[in-house]
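Visitor: structure for the following, please:
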Amino acid sequence: MVGAGMASFLFIAGLSAFDLPADNPDGRLPVSPAVLEAAGGSAKGKVNWITLEEAYERVQLQPRKILIDLYTDWCGWCKVMDRETYTNVNVAEYINKNYYPVKFNAEQRQSVRFANRNFVFVPRGKSGVHQLALVLTNNKPSYPTTVFMNEDLKVIQPLPGFMKAKEFYEVVTFFGGDHYKNESFENYKEGTFGKLY
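Guide: Down below sits the predicted model:
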């Protein structure tokens, strides 16, 4: 699903646990996933999803980017991304450390208050779509879509489609590390990413 169009997604930017081996070289002791989660960390390959309302509250106290996974219950690729991409250790750890991760059902019927605005479900035929999903995708909902927001709650980029873990890791680090402000994704992927990760 992602490939040749990957570079083009960057041009629309600006829209409004781990078990360490006993013989590890740095001498750290293994940390149990349960202990790490209780301390606010993440278990191996587990994103610590929160609600949109919780993300908004946390941004007020400690600014951080927000990653929103827009999904629907019927979306097969959403389930594959949950199973194969979000469980990748590098992806999960990076997201937990650098974003407030939110899962948002684009067809949920409950109203949501976010950034001092109310968003409601909009019926369409036999189903419908949530108003917030329309706002986050610039009225072009597709699932899954990953929405990246900056610390000021402005959309950096909605990125539609399934992505494999390696590609997604490049993307979350590109936005998470603010590299999108200084270089194209292609330059980042071919140079900076390899030097940093």
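Visitor: drop to CA atoms for contacts and neighbour counts, all remaining ones
Guide: OK.
Visitor: list the contacts for the residue nearest in space to the middle of the chain?
Guide: In the chain, the residue lying closest to the centroid (Cα atoms, centre = their mean) is L67, at 3.3 Å. L67 sits next to I95, Y99, Y100, P101, V102, T146, V147, F148, M149 when contact means Cα atoms under 8 Å, 6 or more residues apart in numbering.
Visitor: output the below-cut-off pLDDT ranges for the protein.
Guide: Within the chain, the ranges that satisfy pLDDT under 70 run 1-43.
Visitor: rerun that using 80 as the cut-off
Guide: By pLDDT under 80, the weakly predicted segments of the chain are 1-44.
Visitor: ok, R83 - how many residues close by?
Guide: 11 (other Cα atoms under 10 Å).
Visitor: that one and Q62, how far apart?
Guide: 29 Å (Cα to Cα, to the nearest Å).
Visitor: then Y188?
Guide: 27 Å.
Visitor: ditto for E183
Guide: With the distance defined as Cα to Cα, E183 ends up 26 Å from Q62.
Visitor: if you count what's nearby, which of these two comes out ahead?
Guide: E183 (14 against 9).
Visitor: helices or strands up against the top helix by length along the chain?
Guide: Identified as the longest helix of the chain according to DSSP state H is helix 165-176. Contacting helix 165-176 under the criterion 3 or more Cα pairs under 8 Å, 6 or more residues apart in numbering; DSSP states H and E are the following elements: helix 89-98, helix 193-196.
Visitor: following that helix, which helix or strand shows up next?
Guide: Reading on from helix 165-176 to the C-terminus, the next helix or strand found by DSSP states H and E is helix 185-187.
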